[in-house]
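In: sharing a sequence plus its predicted fold:
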Amino acid sequence: MHTPTITLLFTLTTTALAVPRPHAASIKCPLIFDGRIKTRTQLTDFDSSATSPFNSDNVKGASLKWSQIIQFPEVDKKSRLIIAVINLWR
């Protein structure tokens, strides 16, 4: 009477257990999770793959440079947080 249900449940359970799971050591992630840059970074540093902390070849439009697109924010140099970050990145 319950044989089809038990058989189906057994089949689903063994199939789920047979699915291979990736090991944490085999996962390779090329992403940069921290996008902060050093305080002494110049806009022109983003134009070359030799000096940019990021991939400078990303799509941005014909004959545009990252230094023409990126804008640095104006910051209060006396902020306690800014002073702590500046001292951290030196």
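Out: Received it, and whenever you're ready, just let me know what you need.

In: make it CA atoms for all contacts and neighbour counts henceforth
Out: Noted.

In: helices of this protein, start to end?
Out: 3-18, 66-69, 80-89 (DSSP state H).

In: of all these, which one is nearest R40?
Out: Between R40 and the helices of the chain, the tightest spacing by C-alpha to C-alpha is seen for helix 80-89, at 9.1 Å.

In: let me see the mean pLDDT of the closest one.
Out: For helix 80-89, mean pLDDT is 75.

In: leaving out chain neighbours, which residue sits closest to T51?
Out: The shortest distance from T51 to any residue other than its chain neighbours is 5.2 Å, reached at D45 (C-alpha to C-alpha, 6 or more residues apart in numbering).

In: and the one you found, how many neighbours?
Out: The number of residues packed near D45 is 16, by other C-alpha atoms under 10 Å.

In: wait, it sits on S52?
Out: Yes. The pair D45 / S52 is scored as a contact, 5.3 Å apart, by C-alpha atoms under 8 Å.

In: pLDDT below threshold where in the protein?
Out: By pLDDT under 70, the weakly predicted segments of the chain are 1-2, 12, 15-27, 29-33, 75-77, 90.

In: N58: which of the helices of the chain is closest?
Out: The nearest among these, by C-alpha to C-alpha, is helix 66-69 at 9.5 Å.

In: could you check that closest one and say which residues are buried?
Out: Within helix 66-69, the residues scored as buried using 16 or more other C-alpha atoms under 10 Å are W66.

In: dump the C-alpha coordinates for it into PDB.
Out: Taking C-alpha atoms only, helix 66-69 is exported to PDB below (Å, rounded to 0.1, in the frame of the first residue of the first chain):
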ATOM      1  CA  TRP A  66      39.100  55.800 -16.600                       C
ATOM      2  CA  SER A  67      40.700  59.100 -15.500                       C
ATOM      3  CA  GLN A  68      38.000  60.900 -17.600                       C
ATOM      4  CA  ILE A  69      35.200  58.900 -15.900                       C
END
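
In: what does that helix rub up against?
Out: Helix 66-69 is contacted from outside by L43, T44, D45, F46, D47, S56, K60, using C-alpha atoms under 8 Å, 6 or more residues apart in numbering.
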